[in-house]
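> got a predicted model here, sequence first, then my questions.
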Amino acid sequence: MSGGPLFQWRRPWRLRLALWVVLAVAAGGCASVRRFLVPPPSAASQLPARQVAMKDAHAELLLVAGSVYGSPSARAVAVRSGQVMAVGTPLEVSATLGPSTQMVSVPGAVVMPGLVDAHVHLQGAAQLRDAADLRAVKDEDSLRAAVQVALATADEWLWGFGLSQQVFETLPASAIEAALDGKAAYLSRADGHGARVTEALIDALPKELAAKVAAADGRIDEVLAQQVWREMPALRPARLRPLLRQTLMELQRFGITEVHAMGEPAAVATVLAELDHEGRLPMRVRLFLDLERPEGQRLLDGTFVLPYKGLVDVAGVKVWLDGTLGARTAALSQPYADAPGTSGQLLMTDAALQLVIERTDRRKLQLAVHAIGDAAVGQVVRVLQGMKRPPGAKPLRIEHAQVVSPEQMTALSGLSVECSVQPRHAEADKDFAAARLGPERLAWGYRGLELAKVCNVRSGSDLPVIQANPLADLRALTKGTAGADELALAAVTSAGSAAGRVAIAKGMQADLVVWSADPRTSATAKPLWVVLAGTALRLVDE
C-alpha cells in the first residue's frame with residue numbers, strides 16, 4: 001500500500017493506533033474527518049458486550065472526549081468486558097488498544113457515569129402510553145369522546161387516567177356504563193387516590209373483592225383500588241413488549257442507564273428478560289416484585305426464576321406499610337392536621353414485617369418497603385432495632401421516607417438501610433402537604449439529602465406519577481442545600497457511593513454517558529452516546 005509514513009502498513013499496529021488517537025483529537029473541529037474516524041456502530045456492536053466473543057486482552061471500546069468526570073486531566077476511557085479498563089490522556093490510554101477496538105471520538109464532550117432512576121413503575125408507565133386521557137372529562141359525552149381512541153386498542157380491559165375529583169364523586173355509574181358500552185374499565189383519579197370501575201370489570205374480580213367493590217358502587221378508594229389493580233390481567237406479551245421497550249428507549253434519552261422497577265408483576269419481568277436475551281433491552285433493570293402477588297411469594301420460596309439473566313436483575317420484593325399523604329392514608333404518629341379523626345393506617349404488623357425481612361435475608365434478596373408517614377418509618381426502625389440479621393444481609397430500602405422525625409433520623413444512622421426518595425414530590429404535593437402535616441411536621445417532610453447523613457440515598461421519579469428525569473431530581477435535591485452537589489450526583493448516578501463520591505475509575509461498571517456539555521451546568525446539554533455494559537450506542541449526531 002502506498003502513502004505517507006502515517007499510513008504505512010509496515011508500521012507496528014500499536015504505533016498506528018496511538019497516532020490515530022492523536023489525529024482524532026486534532027480533528028475535533030472537522031465534522032467530515034470525524035465522520036470518517038467514527039463510523040456508526042455495526043450491528044454486532046449493538047449487542048450486549050457479554051454476547052460478543054473476546055478474542056484478545058485489549059480494549060473493546062475507546063472513548064476520547066473533552067473531559068472525563070472525576071479525573072481533571074483525563075480525556076479518554078478504555079473499556080473491556082463491561083468494565084472500565086483505563087482512564088487517562090489519549091496517549092496514556094492508547095496502550096490498551098487492539099486491532100478490533102471500537103473507537104468513539106467526541107471532542108469537547110463530557111464523559112459521565114450513567115444516570116439511575118431508583119423508583120419507577122414500568123407496568124404503569126408502559127400501559128399509560130395508550131390509556132385514555134380523562135383530564136378534560138366533564139360529563140358522559142366528554143367521557144365517551146375521551147375513550148373512543150383507547151377502546152380501539154384496549155386489551156381485556158381499558159385504563160383511563162386523570163378523572164377530576166368532582167367527576168370521580170358525581171358522575172353517575174349509569175353514565176360511565178353507557179360511555180364504555182359494556183367494556184371492563186378502570187378509570188383513575190387524577191391524584192391517583194382511587195378509581196371508578198365498570199360492572200364488567202367487577203364481574204371479572206374474585207368473588208370477595210368483587211363484593212367490596214360493588215358495595216362501593218364502583219367508586220373505590222386508594223387501598224381498594226390497589227387490590228383491584230393487582231387482580232386485573234396483565235397485557236398480552238405482544239402488546240406489552242413494544243410498550244415497555246418504547247418506555248425504556250425514551251428514558252435512555254435522558255442519559256438513564258439503569259432503573260429500579262418497584263412492585264412489578266411476573267409478566268413485566270418475563271418480557272424484560274426476553275428483550276434482554278434478544279439484545280433489545282436499552283438499560284439495566286433491577287426488579288422488585290410485588291409480594292402481594294403469587295410471583296412475589298414464589299421468589300421468596302425460591303421457585304420464581306427468570307428464563308434469562310443479564311441486564312435484568314430480580315433484586316427482591318416490595319411491600320406496602322402505608323398509603324399516601326394526599327389520600328390521608330400515610331401512617332402518621334399523630335392525627336392529620338386537616339382531619340383530626342384519622343392518622344392513616346399501618347398495613348402490616350411488626351411481626352409480619354419482621355417475618356418478611358427474615359425471608360428476604362434467607363434468600364439473599366433485598367426488601368423494599370413503602371413507608372411515607374413517620375409512623376411507618378418508625379415501624380421500620382423499631383423492627384430493625386429488635387432484630388439480629390445475618391452477616392451480608394442486604395440493606396432494607398425505605399421507599400419515599402417523606403415524613404421522618406428528628407428521633408428517627410438519629411435512629412436510622414445505626415441501621416442497615418437505604419433511603420429511596422423522590423425529590424420532585426415536594427413540589428407535586430405542595431398544594432396539600434402543609435394542610436395535612438401542619439407546620440411542625442412539615443419541617444420533617446421531604447428531607448431529601450438530609451437523609452444522606454444517616455443512610456445511602458438513591459433518587460427516583462415515581463414514574464408514571466412524575467416523568468423520569470434524573471437531572472431534574474438532581475436540581476431538586478440540591479435546592480437550598482449547601483455543598484450538596486456531590487451527594488446529589490451520587491444519588492442519581494450508577495457510580496455513586498454511600499459516601500457521596502462519584503468518579504469514573506478503573507474496574508468500575510462501564511455504564512457511561514457521553515454528553516455534549518456538562519449537564520449540571522448547561523441547560524442545552526444532550527446525551528450523544530450511551531455506553532451500556534461496555535457497548536457504545538449512538539443517540540444523536542454530534
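On my side now, so go ahead.

> could you chop this structure up by domain?
For the chain, automatic domain parsing gives the domain ranges 5-113+534-538, 156-231, 321-464.

> which among those is found nearest to H119?
Across the domains of the chain, H119 has its closest neighbour in domain 321-464 (2.7 Å, Cβ to Cβ). C-beta coordinates here come from the backbone N, C-alpha and C atoms, glycine included.

> E295 against T270, yeah?
No - contact between E295 and T270 fails when scored by Cβ atoms under 8 Å: they sit 9.5 Å apart.

> between those two, which contacts overlap?
With contacts taken as Cβ atoms under 8 Å, 6 or more residues apart in numbering, not a single residue reaches both E295 and T270.

> ok, which stretches of the stretch 401-542 of the chain are strands?
Using DSSP state E, counting those that start in this stretch, the strands of the stretch 401-542 of the chain run over 417-421, 456-459, 512-515, 527-532, 535-538.

> any regions of the protein where pLDDT drops low?
Along the chain, segments meeting pLDDT under 70 span 1-56, 480-484, 496-500, 540-542.

> helices or strands up against the top helix by length along the chain?
Longest helix in the chain by number of residues, with DSSP state H as the criterion: helix 237-252. Counting by 3 or more Cβ pairs under 8 Å, 6 or more residues apart in numbering; DSSP states H and E, the packing neighbours recorded for helix 237-252 are helix 122-128, helix 266-277.

> closest to T96 out of the ones you listed?
helix 266-277 (27.8 Å).

> still on that earlier bit, deepest of the domains of the chain, which one?
Comparing those by mean neighbour count (mean count of other Cβ atoms under 10 Å), domain 321-464 ranks first with a mean of 19.

> work out the gap between that domain and the centre of the chain.
Taking the mean of its C-alpha atoms, domain 321-464 sits 19 Å from the chain's own mean (Cα atoms, centre = their mean, to the nearest Å).

> end-to-end on it?
End-to-end distance of domain 321-464 (Cα to Cα, to the nearest Å): 21 Å.

> contacts for stretch 202-219, please.
Outside stretch 202-219, the residues touching it (Cβ under 8 Å, 6+ apart) are 156-157, 168-169, 173, 176, 184, 194, 196-199, 220, 224, 227-228, 231-233.

> can I get that stretch in PDB? Just the C-alpha atoms.
Output of stretch 202-219 as PDB, limited to C-alpha atoms (Å, rounded to 0.1, in the frame of the first residue of the first chain):
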ATOM      1  CA  ILE A 202     -66.300  -6.000  38.800                       C
ATOM      2  CA  ASP A 203     -67.600  -9.300  37.400                       C
ATOM      3  CA  ALA A 204     -64.000 -10.300  36.500                       C
ATOM      4  CA  LEU A 205     -62.700  -9.900  40.000                       C
ATOM      5  CA  PRO A 206     -62.500 -12.600  42.700                       C
ATOM      6  CA  LYS A 207     -65.900 -13.000  44.500                       C
ATOM      7  CA  GLU A 208     -64.900 -11.500  47.800                       C
ATOM      8  CA  LEU A 209     -63.200  -8.500  46.300                       C
ATOM      9  CA  ALA A 210     -66.000  -8.000  43.800                       C
ATOM     10  CA  ALA A 211     -68.500  -7.800  46.600                       C
ATOM     11  CA  LYS A 212     -66.400  -5.000  48.300                       C
ATOM     12  CA  VAL A 213     -66.200  -3.000  45.000                       C
ATOM     13  CA  ALA A 214     -69.900  -3.500  44.200                       C
ATOM     14  CA  ALA A 215     -70.800  -2.200  47.700                       C
ATOM     15  CA  ALA A 216     -68.800   1.000  47.000                       C
ATOM     16  CA  ASP A 217     -70.900   1.400  43.800                       C
ATOM     17  CA  GLY A 218     -67.800   1.100  41.700                       C
ATOM     18  CA  ARG A 219     -66.200   4.200  43.400                       C
END
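
> gap between that stretch and the chain center?
That offset, for stretch 202-219, works out to 32 Å (Cα atoms, centre = their mean).

> ditto for stretch 517-526
Using Cα atoms, centre = their mean, the offset of stretch 517-526 from its chain centre is 21 Å.

> sorry, back to before: please flag which of the contacts of stretch 202-219 sit within strands.
Judged by DSSP state E, the contacts of stretch 202-219 include 194, 196-197, 220 as members of strands.

> please identify which pair of those residues lies farthest apart.
Maximum distance among the ones in strands among the contacts of stretch 202-219 (Cβ to Cβ): 10.0 Å, for G194 and V197.

> anything in contact with each of these two?
Counting by Cβ under 8 Å, 6+ apart, the residues touching both G194 and V197 are I220.

> now do the SS call for L289.
The three-state label given to L289 by DSSP: H, G, I helix; E, B strand; the rest coil is strand.

> state the three-state secondary structure for the closest residue to it other than its chain neighbours.
Distances taken as Cβ to Cβ, 6 or more residues apart in numbering place G296 nearest to L289, at 4.3 Å, with adjacent residues excluded. Following three-state DSSP, we place G296 in the helix state.

> what's the burial count for G296?
For G296, the count of nearby residues is 23 (other Cβ atoms under 10 Å).

> next one: it from G323, what distance?
As judged by Cβ to Cβ, to the nearest Å, G296 and G323 stand 19 Å apart.

> now swap in P307 and tell me
Distance, P307 to G323, using Cβ to Cβ: 35 Å.

> just L442 next, same as before
19 Å.

> now do S459
Distance of S459 to G323, given as Cβ to Cβ: 22 Å.

> cool, and A59?
51 Å.

> also V106?
Computed as Cβ to Cβ, the V106 to G323 distance reads 47 Å.

> before we move on, what about A426?
With Cβ to Cβ as the criterion, A426 and G323 are 18 Å apart.

> can you give me the helices in the stretch 301-450 of the chain?
350-362, 374-385, 406-412, 425-428, 433-442 (DSSP state H, counting those that start in this stretch).

> so which residues make contact with the last one?
So the one you mean is helix 433-442. 325-326, 328, 332, 334, 336-339, 374, 403, 426, 444-446.

> how about 6 Å then?
325, 336-338, 445 (Cβ atoms under 6 Å, 6 or more residues apart in numbering).

> likewise for the second one?
Applying Cβ under 6 Å, 6+ apart, the set of residues contacting helix 374-385 from outside is 321-322, 331-333, 350, 353-354, 371, 398, 401, 403-405, 408, 411, 415.

> then the fourth one?
Around helix 425-428, the neighbours that count as contacts under Cβ under 6 Å, 6+ apart are Y446.

> switch the cut-off to 10 Å
191, 324-326, 372, 400, 402, 422, 433, 445-448, 460-462, 465-466, 472, 476, 479 (Cβ atoms under 10 Å, 6 or more residues apart in numbering).

> same deal with the longest one?
For helix 350-362, the external contacting residues (Cβ under 10 Å, 6+ apart) are 291, 296-297, 299-302, 316-317, 319, 321, 346-349, 365-369, 376, 379-380, 382-384, 386-387, 389-390, 392-394, 396.

> and stretch 163-172, by the same measure?
Contacts of stretch 163-172 (Cβ under 10 Å, 6+ apart): 134-140, 142-143, 146, 175-176, 178-179, 187-191, 193-196, 217, 219.
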